[in-house]
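Output the structure for:
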Amino acid sequence: MARYIGPKTKIARKFREPIYGPDKNYEKRNYPPGQHGQSKKRSKLSEYATQLKEKQKVKYTYGILERQFAKTFDRASRKEGITGENLLQLIEARLDNVVYRLGIAPTRSAARQLVSHRHIVVNGKVVNIPSYTLKAGDEIGVRERSKSFEVITDSLRSRSNRYSWLEWDESKMEGKFVSAPARADITETIKDQLIVELYSK
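As a prediction, this is how the structure comes out:
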């Protein structure tokens, strides 16, 4: 499966929630996509279908492909602690997600592109791997010659979210990954236990 680049509102409607952030089109039609729209009666999903749908929602939300997701789950299951929480912490520690959370990019897909195009540095060195896993204490910044990049400056200007597990120094355009977030700090509505059950079959 290649990375999805189609209409995002359609995917949000599929999961019945704006997984890509505020969306005026979703607000107008917040029912599943399809020819018959709201009039179509939908049968109750099976247990497996419910679990699969939750996994797909997480993959679309964070922009992760199937093989990457399976590897991340395997790492989470081998760590001490609750597997579902470990999974979300590993996903949140991805470089592209942290660039988005810091406000350097307006969306996760934009953050992925900034990382791939070598605009982001970690501990002073350019890292162009969006799935790079950050460790506590890592410093994430904008490459010197990219600091005037319009997409970055516009995004930082409208930055509003603040997270207790991240720090941001506006003067240096540099952030710090303080620690992995606690489950309560992850604002997305994800039922991680369903994903654990799916992989446990």
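
going forward, measure contacts and count neighbours with C-alpha atoms only.
Will do.

Quick one: the strands in this structure, in order.
120-122, 125-126, 139-142, 166-169, 174-177 (DSSP state E).

helices or strands up against the longest helix anywhere in the chain?
Ranked by number of residues, the top helix in the chain under DSSP state H is helix 47-62. Counting contacts by 3 or more Cα pairs under 8 Å, 6 or more residues apart in numbering; DSSP states H and E, helix 47-62 is packed against helix 192-199.

ok, and what's touching the helix it packs on?
48, 50-52, 54-55, 83-85, 88 (Cα atoms under 8 Å, 6 or more residues apart in numbering).

so which of these comes closest to residue 110?
residue 88 (20.5 Å; Cα to Cα).

burial count for the closest one?
Counted by other Cα atoms under 10 Å, the residues lying close to residue 88 total 21.

one step back: out of the strands of the chain, deepest packed?
Each of the strands of the chain was scored by mean neighbour count; the highest is strand 139-142, a mean of 24, by mean count of other Cα atoms under 10 Å.

send the alpha carbons of that one over as PDB?
Taking C-alpha atoms only, strand 139-142 is exported to PDB below (Å, rounded to 0.1, in the frame of the first residue of the first chain):
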ATOM      1  CA  GLU A 139      16.900  18.800  20.500                       C
ATOM      2  CA  ILE A 140      15.000  19.400  17.300                       C
ATOM      3  CA  GLY A 141      15.500  22.500  15.300                       C
ATOM      4  CA  VAL A 142      15.200  24.200  11.900                       C
END
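
name the helices or strands packed onto that strand?
Helices and strands touching strand 139-142, by 3+ Cα pairs under 8 Å, 6+ apart, are strand 120-122, strand 174-177.

Same list, these, but as CSV with distance to residue 63 please.
Shown next, in CSV, are the helices and strands packed on strand 139-142 (distance: least, Cα to Cα, whole Å):
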stretch, distance to residue 63
strand 120-122, 18
strand 174-177, 20
